[in-house]
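Chemist: With the input below, show me the fold.
(2 chains)
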Amino acid sequence: MERIGLGLIGCGGIARSAHLPAMAQLQDRVVLLATADIDAQAAAQAAEGWGATWSTDWRDVLARPDIAAVVIATPEYLHADQVEAAAAAGKHVLCEKPIAPSLAEADRMIAACAAAGVNLLVGHSRRFTRRYLEVRAALDRGEIGTLRLFRENERRSRGRPQVWWTPAHWTGNPQISGGAPMMNAIHEADLMRWFVGQEAERVDAEINVTIDGNVGVTDFISLTVRFHGGAIGSAEVLNCAPPGYPAFHQLELYGTQGAIRARDHELTGLTRFGDHGADFPAHYHMLLHNLPAYARELAELVDAIRSDRKVFMPPSEARAALAITLAAVRSAQLRRTVHMTELAA
Amino acid sequence: MITLSVLGQGRISQPLRDHGAPFGAVRIVEGASDAVLIDLPPADRAAAVIAALAAGQTVLCPPPVALTAAELAAIAAVPTGQLLPSGELAHTDSVRHGLAAIHDPAFGALRSVYLAIRQPRGHGCDVLDDLLPEALDTLLAILPEPFTMVRVNAAALFGDARDTAVILLRSATDVVVTLELSRCLPASLPAPGLGEVEIDVMGALQSVRIVPHAGAVRVHRDDGVDHRPWLDAPVLAMLRALETPTDALPRAQAVFDLAAAIKSAA
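Modeler: You can find the predicted model right below:
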């Protein structure tokens, strides 16, 4: 079967660590034809090995008629324009999360792709991660009854990579970075809604800046959500843990007839001790930058294109996760509970 | 030798009833004593504390020592005796060592505090009455400062009583605290004593992860698992504090005030 021609827009960290390896894993189904990044070296390096062309202008990727789909791995403030342009060019899209910085931009993207008849798959990679797929399946089988309490804490080491959350990297630029809410907590917002199976009713949250050298980007958030059916979801998400901190993700679900837990600190199979502290190489590879998850994610888009069907996670799901995240940020800023009905598009 | 009597039949005093032998400089007696450990239900504690203080005794009493502001004021008004810090959680070995690490300058400024207490489901009490005082007593040992923001997401998720509360606090120095109190554990997750407790404190230079219930023996039977933590450490630590007493009233007042603010926000 003919391989699907891919373009890659944005060749930074997530492209290098996740999307390019996923493409390599699916090289019998996809071929990378063009890359683009404002950093010419990054674009060129990403193109290496595939014989792809590279550019510092993302529009060059969309101009290629042999490209059926693009992977957009740029900061979220660029997503709307790039996805709209991709849709206009007839390209299917795999866009990194968060879908966009605002609901209005998300709506533009969704409408553009719908009008063009192309798929928009937003990269909520945890929906393709073995751990969470198993949990969803267990919930579907009714193994713990009705889910009433969701918790996932996500704790990450500060300074990995070292420049993150500093002005030397876009994640540390208050003008363009959505910080920990958009970078991390949107995963928890998506998971809690996916697992609870209800829409959020109201949100409370507190945010903070906790990392030395951070000039004002939120790198910490603790949020709690009440769902319409009465369930509660909560998440503490931080990026200030010291190297070697043993618990990255702590997932706990409590249902009317049981509980499900997947807590990284209980799943550590390998610990490596060094001068800097301890780290967990198998753990990190397996759970965070989970290559099989990114490969499944890309495979879903490719299979949807080949089958002429919609992807299993419609972009409205990503919009809903964004809405919860934005409500959390607004709650922290306004210092009060925010009801989801307050969010205007 | 300090003599100690025990009032009540609760969990904290169980090790003393089990052993009855001298504990360091403390001897357990019945009747007149220098100190008294009050291990009564919360509603009965304040009167017992007042009586003991009036008798000039040193008093150990787990939080909450009072359920109303009037009771707390009456305790504070007793001119004799002394109330000692007696939080069960704060006196566990892991929390005591954790506190030492947190308050060491090498820890750096506090960035965040997460404290979860999870107990088996099925009890009929409001978690804001029975779990919150212990949580706040420990929190205020970690972060002894005022709080400027209180948010509460609480509900009855597994029964008729309010069994779950997620509480967000912001301290005067902008430390965000997340408290999760829930009686959510199914029978397959046995958690005797205070239950499962997780405390994660992030500092600018270090962090600590405190899991008091991990100090336990698990007995795997054909038909299930018994989780058997050793529960004597808190009371032994309290007894050691008898030798160097400190006044617990300020913290009791702070716990009461913060609990009142949380209940008001719920």
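Chemist: could you pull out the helices for the stretch 1-150 of chain B?
Modeler: Counting by DSSP state H, counting those that start in this stretch, the segments of the stretch 1-150 of chain B that form helices are B:14-19, B:42-54, B:69-77, B:93-102, B:127-130, B:132-142.
Chemist: Out of those, which is the most enclosed?
Modeler: Stretch with highest mean neighbour count among the helices of the stretch 1-150 of chain B: helix B:132-142 (a mean of 25; mean count of other CB atoms under 10 Å in any protein chain shown). Any C-beta I mention is one placed from the backbone N, CA and C, and that applies to glycine too.
Chemist: how far off helix B:93-102 does it point, in degrees?
Modeler: 30 degrees (axes from the mean of the first three to the mean of the last three CA atoms, to 10 degrees).
Chemist: residues in contact with helix B:132-142?
Modeler: B:42, B:62-64, B:85, B:87-90, B:95, B:98-99, B:102, B:110, B:113, B:115, B:117, B:165, B:169, B:177, B:179, B:181, B:194, B:199, B:201, B:251, B:254-255, B:258-259, B:262 (CB atoms under 8 Å, 6 or more residues apart in numbering or on different chains).
Chemist: what about the helices of the stretch 1-150 of chain B, which gets the closest to residue B:223?
Modeler: Distance to residue B:223, taken as CB to CB, is lowest for helix B:14-19 among those, at 25.2 Å.
Chemist: what separates the closest one from the chain centre, distance-wise?
Modeler: A distance of 19 Å separates the centroid of the chain from that of helix B:14-19, by CA atoms, centre = their mean, to the nearest Å.
Chemist: which strands and helices sit next to that helix?
Modeler: strand B:2-8, helix B:232-241 (3 or more CB pairs under 8 Å, 6 or more residues apart in numbering or on different chains; DSSP states H and E).
Chemist: follow-up on the earlier one: now the helices of the stretch 1-150 of chain B in JSON lines, with mean pLDDT?
Modeler: Shown next, in JSON lines, are those (pLDDT from 0 to 100):
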{"stretch": "helix B:14-19", "mean pLDDT": "78"}
{"stretch": "helix B:42-54", "mean pLDDT": "96"}
{"stretch": "helix B:69-77", "mean pLDDT": "96"}
{"stretch": "helix B:93-102", "mean pLDDT": "94"}
{"stretch": "helix B:127-130", "mean pLDDT": "93"}
{"stretch": "helix B:132-142", "mean pLDDT": "97"}
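Chemist: so residue B:27 makes contact with residue B:5?
Modeler: No. Taking CB atoms under 8 Å as the definition, residue B:27 is not a contact partner of residue B:5, at 10.2 Å.
Chemist: C-terminal to the helix-or-strand element of chain A with minimal mean pLDDT, what's the next element?
Modeler: Lowest mean confidence among the helices and strands of chain A (mean pLDDT, DSSP states H and E): helix A:281-287, at a mean of 52. Counting by DSSP states H and E, the next helix or strand C-terminal to helix A:281-287 is helix A:291-307.
Chemist: Put the alpha carbons of that next one into PDB.
Modeler: What follows is helix A:291-307, C-alpha atoms only, in PDB (Å, rounded to 0.1, in the frame of the first residue of the first chain):
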ATOM      1  CA  LEU A 291       6.900   6.200  22.000                       C
ATOM      2  CA  PRO A 292       4.200   3.500  21.500                       C
ATOM      3  CA  ALA A 293       1.600   6.100  22.400                       C
ATOM      4  CA  TYR A 294       2.900   8.600  19.800                       C
ATOM      5  CA  ALA A 295       3.100   5.800  17.200                       C
ATOM      6  CA  ARG A 296      -0.500   4.800  18.000                       C
ATOM      7  CA  GLU A 297      -1.600   8.400  17.800                       C
ATOM      8  CA  LEU A 298       0.000   8.800  14.300                       C
ATOM      9  CA  ALA A 299      -1.300   5.400  13.200                       C
ATOM     10  CA  GLU A 300      -4.800   6.500  14.200                       C
ATOM     11  CA  LEU A 301      -4.600   9.500  11.800                       C
ATOM     12  CA  VAL A 302      -3.000   7.400   9.000                       C
ATOM     13  CA  ASP A 303      -5.600   4.700   9.300                       C
ATOM     14  CA  ALA A 304      -8.400   7.300   9.400                       C
ATOM     15  CA  ILE A 305      -7.100   8.800   6.200                       C
ATOM     16  CA  ARG A 306      -6.800   5.400   4.500                       C
ATOM     17  CA  SER A 307     -10.200   4.300   5.600                       C
END
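Chemist: tell me what that helix is packed against?
Modeler: strand A:4-9, helix A:20-25, strand A:69-72, strand A:92-96, strand A:120-123.
Chemist: which neighbours does the third one have in its sheet, and in what orientation?
Modeler: It refers to strand A:69-72. Strand A:69-72 sits in its sheet next to strand A:4-9 (parallel), strand A:92-96 (parallel), going by DSSP bridges.
Chemist: The helix or strand just after the last one packs against which elements?
Modeler: Elements were assigned by DSSP H and E; along the chain past strand A:92-96, the next helix or strand is helix A:103-116. For helix A:103-116, the packing partners by 3+ CB pairs under 8 Å, 6+ apart come out as helix A:79-88, strand A:120-123, helix A:315-334.
Chemist: Any residue of stretch A:313-329 touching chain B?
Modeler: No. Using CB under 8 Å from any CB of the partner chain, no contact is recorded between stretch A:313-329 and chain B, whose separation bottoms out at 10.7 Å.
Chemist: contacting residues for residue A:87?
Modeler: A:93, A:109, A:112, A:113, A:115, A:116, A:118, A:120.
Chemist: Sort out which one of those residues lies nearest residue A:182 for me.
Modeler: residue A:109 (15.1 Å).
Chemist: I'd like to know how many residues surround the closest one.
Modeler: As a burial measure, residue A:109 scores 28 neighbours (other CB atoms under 10 Å in any protein chain shown).
Chemist: so it makes contact with residue A:95?
Modeler: Yes. The criterion here is CB under 8 Å, and residue A:109 meets it with residue A:95 at 7.5 Å.
Chemist: distance of residue B:191 from chain A?
Modeler: 12 Å (CB to the nearest CB, to the nearest Å).
Chemist: Please convert the helices of the stretch 1-150 of chain B to TSV, extending it with distance to residue A:311.
Modeler: Formatted as TSV, the helices of the stretch 1-150 of chain B follow (distance: least, CB to CB, whole Å):
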stretch	distance to residue A:311
helix B:14-19	58
helix B:42-54	54
helix B:69-77	58
helix B:93-102	46
helix B:127-130	41
helix B:132-142	44
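Chemist: does any bit of the helix or strand encompassing residue A:202 sit next to chain B?
Modeler: Taking DSSP H and E as the criterion, residue A:202 maps to strand A:200-208. Yes. Under the criterion of CB under 8 Å from any CB, chain B is reached by strand A:200-208 at A:204, A:205, A:206, A:207, A:208.
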